[in-house]
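> Attaching a predicted model along with its sequence, questions to come.
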Amino acid sequence: MESITLRDEFIKLGQAVKLSGISENGAEAKEIITSGKVKVNGETELRRGRKLYDGDTVECMGRQIKIVK
């Protein structure tokens, strides 16, 4: 499982998808998220602005990412 370390209190889902390298840019991240390919804490998430906090997990395209402080 990969991890993303928070610099602030939270990171938005679209930013996390880009930062993890799943997408190359914001437009691609938006398309991936709105097409239902992303799960946050085991539930499908369609909002790219969803705030992710310490302990949240993201699953997308066979990859798992944990958000850590």
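Thanks, I have the structure now.
> Select the longest helix from this protein.
The longest helix of the chain (DSSP state H) is helix 26-34.
> Tell me where this protein has helices.
Shown for the chain, the helices assigned by DSSP H span residues 13-19, 26-34.
> and the first one, which residues are buried?
So the one you mean is helix 13-19. The neighbour-count check on helix 13-19 (16 or more other Cβ atoms under 10 Å) flags 13, 14, 15, 16, 17, 18 as buried. All C-beta spots, glycine's among them, are computed from the backbone N, C-alpha and C.
> For the third one, give its distance to residue 8.
When distances are taken as Cβ to Cβ, to the nearest Å, residue 15 and residue 8 turn out to be 11 Å apart.
> Show me which residues of stretch 28-46 are buried.
Of the residues in stretch 28-46, 29, 30, 32, 33, 37, 38, 40, 45 count as buried by neighbour count, 16+ other Cβ under 10 Å.
> so can I have a markdown table of the residues you listed showing pLDDT and distance to residue 55?
As requested, these are exported to a markdown table (pLDDT from 0 to 100; distance: Cβ to Cβ, whole Å):
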| residue | pLDDT | distance to residue 55 |
| --- | --- | --- |
| 29 | 95 | 22 |
| 30 | 95 | 25 |
| 32 | 96 | 22 |
| 33 | 97 | 20 |
| 37 | 96 | 22 |
| 38 | 97 | 17 |
| 40 | 98 | 11 |
| 45 | 97 | 15 |
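> how about these in a markdown table, adding distance to residue 23?
Below are these laid out as a markdown table (distance: Cβ to Cβ, whole Å):
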| residue | distance to residue 23 |
| --- | --- |
| 29 | 4 |
| 30 | 8 |
| 32 | 6 |
| 33 | 9 |
| 37 | 10 |
| 38 | 10 |
| 40 | 16 |
| 45 | 15 |
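> now for these, which pair is the farthest apart?
Across those, the longest distance by Cβ to Cβ is 15.3 Å; it joins 30 and 40.
> List phi and psi for the closest residue to residue 30 other than its chain neighbours.
Nearest residue to residue 30, sequence neighbours excluded (Cβ to Cβ, 6 or more residues apart in numbering): residue 48, at 5.3 Å. Per-residue torsions, residue 48: phi -70, psi -20 (degrees, to the nearest 10).
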